[in-house]
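1. Using only what follows, build the 3D model:
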Amino acid sequence: MAKKWVLDTEAKGTGAQMLPLEKTLREPVGKPARRPVPEREPKPAPASQPAAPRRFKVVDVMTREVLAEGAGTRATVDLLSELRSIVDVALYVWSDRLDDWQLLSFAESKMLWNLRGS
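-> Below you'll find the predicted structure:
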């Protein structure tokens with residue numbers, strides 16, 4: 001029996017070739033085999049500790065005298081009510097993450113200042 005030949009045009013830049021039909025017939029390509037993904041262990045739930053109350057430090061900007069250190073929010077607001085202006089003091093909050101005092105921005109200081117008298 002005579003062989004059947006086909007023109008294979010899948011050549012890249014080299015032109016087409018004449019190939020036997022048996023070489024061009026390929027089995028259908030199925031989906032590639034996938035490796036199973038290992039299951040992740042669930043993350044442990046973080047221990048829900050109540051947030052510690054904020055502690056503030058109030059420093060007079062002219063004399064650099066510490067007016068209050070480690071004061072709670074209510075005590076800080078009461079101290080601010082005795083002052084003439086928000087720009088007279090620098091306000092800091094204690095950061096447990098940094099283990100240091102962090103200077104509050106003017107907007108944050110203004111929020112505390114607006115609590116006066118409430």
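
2. which residues of the protein fall in helices?
-> Along the chain, counting by DSSP state H, helices occupy 21-24, 73-81, 106-113.

3. Averaging pLDDT per element, find the lowest-scoring helix or strand in the protein.
-> In the chain, no helix or strand scores lower on mean pLDDT, DSSP states H and E than helix 21-24, which sits at a mean of 76.

4. circling back: which stretch in the helices of the chain is the model least sure about?
-> Here the lowest mean pLDDT among those goes to helix 21-24, at a mean of 76.

5. how much space between the residue positioned nearest the centre of the chain and residue 78?
-> Centroid-nearest residue in the chain, with C-alpha atoms, centre = their mean: residue 97, separated by 15.8 Å. For residue 97, the distance to residue 78 (C-beta to C-beta, to the nearest Å) stands at 27 Å. C-beta coordinates here come from the backbone N, C-alpha and C atoms, glycine included.

6. again, but for residue 18
-> In terms of C-beta to C-beta, residue 18 sits 97 Å off from residue 78.

7. more neighbours, those two?
-> For residue 18 versus residue 78, the count of surrounding residues by other C-beta atoms under 10 Å is larger for residue 78: 14 against 8.
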